[in-house]
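Enquirer: Return a 3D structure for these sequence lines:
(chains A and B)
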Amino acid sequence: MIDLWYRAGIRKVAELRVPSDSTLVTFDGLNILEHRFYLIIFSVKNTSSSSSDYYLFVNGDLNKANYYCQTLVSSGIEISANRYNLPLVAYLSSLSNALCEIILGLDPDYHPRYHVRCTRYVSNVANVLYSGSYYAPVSNVTRLDFQSSATNAIGRGSRIIIFGAMV
Amino acid sequence: MEEEATQVVVDAQTGELKIQKIPFTPSPAEESDAK
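Expert: Take a look at the predicted model:
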């Protein structure tokens, strides 16, 4: 899969293995106009004692009310859906892990939009889809922030890899 | 209640990494399989 991405002109823009339990991980110096879109691998573990949401903010706007998302969760034989006024990209109960693929891009009117395909937990593995949007158009995306709603719930060893087009 | 939290900042241009402490008011999520 990675080999196919490279042949298609997709290159790694940034990578982080989270060095210590963190609440906020910020990537600065991005340029979505140059990279067209971002494909992000968000491999996260919640090492905290609380369940936590995980949010993705653009351009330093950490006001959750400026974002919207729709979820679709399938877990066992149950399927649920909901809409939130949040930039959700994942949710984890305490001491659990997830692997999420995030595509972030700009629509034709330059509203940032994303969708996420996420798998979480082990024996009770669940499949979660998120689609989200930012309330206003932007001229570029130069900064991304990943934030946990519980303190330091982006556990040490979590990994974030950002790819973009280099053609 | 405000707590001390950790922020990691990555400069995508240079790869430089900075770790700093920030004030943070947590809002632990309710246990939910719907999100």
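Enquirer: For residue B:7, see how far away residue B:19 is.
Expert: 7 Å (CB to CB, to the nearest Å). Using the backbone N, CA and C atoms, a C-beta is placed for each residue, glycine as well.
Enquirer: Looking at these two now, which is surrounded by more residues?
Expert: It is residue B:7, of residue B:19 and residue B:7, that has more neighbours when counted by other CB atoms under 10 Å in any protein chain shown, with 17 against 12.
Enquirer: what helix or strand does residue B:23 sit in?
Expert: strand B:17-24 (DSSP states H and E).
Enquirer: Do you have the strands of chain B handy? List them.
Expert: B:3-11, B:17-24 (DSSP state E).
Enquirer: again but with chain A, I slipped
Expert: So, for chain A - with DSSP E - the strands run A:10-17, A:24-28, A:38-46, A:52-58, A:67-75, A:78-84, A:88-92, A:96-106, A:112-120, A:126-134, A:143-148, A:159-165.
Enquirer: Check whether the third one comes near chain B.
Expert: Spelled out, that is strand A:38-46. No - Strand A:38-46 lies out of reach of chain B by CB under 8 Å from any CB of the partner chain, never closer than 10.0 Å.
Enquirer: Make TSV out of the strands of chain B and add mean pLDDT.
Expert: Shown next, in TSV, are these (pLDDT from 0 to 100):
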stretch	mean pLDDT
strand B:3-11	97
strand B:17-24	97
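Enquirer: Save those as TSV, and put in distance to chain A too.
Expert: Supplementary listing: the strands of chain B in TSV, determined by distance: least, CB to the nearest CB, whole Å:
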stretch	distance to chain A
strand B:3-11	4
strand B:17-24	5
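Enquirer: Pick the most buried one from those.
Expert: Among the strands of chain B, strand B:3-11 has the highest mean neighbour count (mean count of other CB atoms under 10 Å in any protein chain shown), at a mean of 18.
Enquirer: Adding distance to residue A:111, write the strands of chain B out as CSV.
Expert: Shown next, in CSV, are the strands of chain B (distance: least, CB to CB, whole Å):
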stretch, distance to residue A:111
strand B:3-11, 25
strand B:17-24, 28
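Enquirer: confidence score at residue B:33?
Expert: Looking at residue B:33, its pLDDT reads 70.
Enquirer: any idea how far it is from residue A:51?
Expert: 11 Å.
Enquirer: contacting residues around the residue nearest the centre of chain B?
Expert: Nearest to the geometric centre of chain B sits residue B:7, at 5.1 Å (CA atoms, centre = their mean). Residue B:7 sits next to A:22-26, B:19-22 when contact means CB atoms under 8 Å, 6 or more residues apart in numbering or on different chains.
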